[in-house]
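Undergrad: based on what follows, work out the 3D shape:
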Amino acid sequence: MSFDFNFKVVLIGSPRVGKTSLIIKYIDGIYEAFRPTTVGVDFKYKDLKIDNKKVRLEIWDTAGEEQYRNPLTSSIYKNTDIAIIVFDLTVEGTLKEVDYYIKEIENKCRTEPLIVIAGNKCDLIEDQIENIEEKIKEILKGKELRFFKTSAKDGTNVNELFYGIAKELKEKNEVNKHLHHKKINTGLDQNENNLSQSKVIKNSDLIQIKQKKQGCC
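TA: Got it, this is the predicted structure:
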């Protein structure tokens, strides 16, 4: 089966913030309270139809543990289209790690992926959300990054997170493709115009040469 767009989506973040749970909730629609920690890397596919276009998401689940993470970072980030940094809204230390992951993406990604921040487990912090949002704004200050409050448990914003950014990236790619084609066509038109002008000049020169010859004889 062919697709109009294939996007590589990588979830990164500290251990036990819910990266795997978000993926399973989105792909399978279920929540598993107890899951073993991801070792190394795993990935799943999700096929979508967005505005009558076939889109495939290749969603990579990464280990947050330091000993598993470092040896894999180069291969993980290769050709990444979307990077989702996940942190736990109930553990402030994981929020502080967000800036580290942003810099890691900027330093190790050869491409410029769309970076999204997901604060997970929002179902557990309803009475603290305003205070946490202020801290998030401070960390993201000066950075044009999207932020989603999510819950793998009750599904809050899970579909919006994955589907929404896939739609945004699809539209961005379509605009870039259109501009690229327009640039090529403009270049071709310009080349054709230059060629036709060149031909006119050559024909004109021939006529002048002919007239000069006739005058001499």
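Undergrad: gap between E97 and F34?
TA: Per CB to CB, to the nearest Å, E97 is found 23 Å from F34. Any C-beta I mention is one placed from the backbone N, CA and C, and that applies to glycine too.
Undergrad: more neighbours: which of these two?
TA: Taking neighbours as other CB atoms under 10 Å, E97 and F34 compare with E97 leading, 19 against 4.
Undergrad: how near is the more buried one to Y45?
TA: 28 Å.
Undergrad: what's the closest non-adjacent residue to V10?
TA: Excluding its sequence neighbours, the residue lying closest to V10 (CB to CB, 6 or more residues apart in numbering) is W60, at 4.5 Å.
Undergrad: residues touching the one you found, list them.
TA: 8-11, 41-43, 76 (CB atoms under 8 Å, 6 or more residues apart in numbering).
Undergrad: now a PyMOL select for only the buried ones of these.
TA: In PyMOL, a selection of the buried entries from these looks like this (16 or more other CB atoms under 10 Å):
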select buried, resi 8+9+10+11+43+76
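Undergrad: can you lay out the contacts of W60 as a markdown table showing distance to I50 and pLDDT?
TA: Shown next, in a markdown table, are these (distance: CB to CB, whole Å; pLDDT from 0 to 100):
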| residue | distance to I50 | pLDDT |
| --- | --- | --- |
| K8 | 16 | 96 |
| V9 | 14 | 97 |
| V10 | 20 | 95 |
| L11 | 20 | 96 |
| V41 | 26 | 76 |
| D42 | 25 | 84 |
| F43 | 20 | 86 |
| I76 | 25 | 84 |
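Undergrad: farthest pair within the contacts of W60?
TA: Greatest spatial distance among those (CB to CB): K8 and D42, at 13.8 Å.
Undergrad: buried set for the host helix or strand of S21?
TA: Taking DSSP states H and E as the criterion, S21 maps to helix 19-28. Of the residues in helix 19-28, 19-26 count as buried by neighbour count, 16+ other CB under 10 Å.
Undergrad: out of these, the closest to I115 would be?
TA: Of all those, I115 sits closest to K19, with 15.1 Å by CB to CB.
Undergrad: show the pLDDT at the closest one.
TA: K19 carries a pLDDT value of 95.
Undergrad: same question for K96.
TA: What the model reports as pLDDT for K96 is 87.
Undergrad: how many residues are close by it?
TA: Neighbour tally, K96, other CB under 10 Å: 13.
Undergrad: could you point out the helix or strand that follows the helix-or-strand element of the chain with minimal mean pLDDT?
TA: One helix or strand of the chain scores below all others by mean pLDDT, DSSP states H and E: helix 66-69, with a mean of 51. Per DSSP H and E, the first helix or strand lying C-terminal to helix 66-69 is helix 73-77.
Undergrad: so where does E130 fall, helix or strand?
TA: Going by DSSP H and E, E130 is in helix 129-139.
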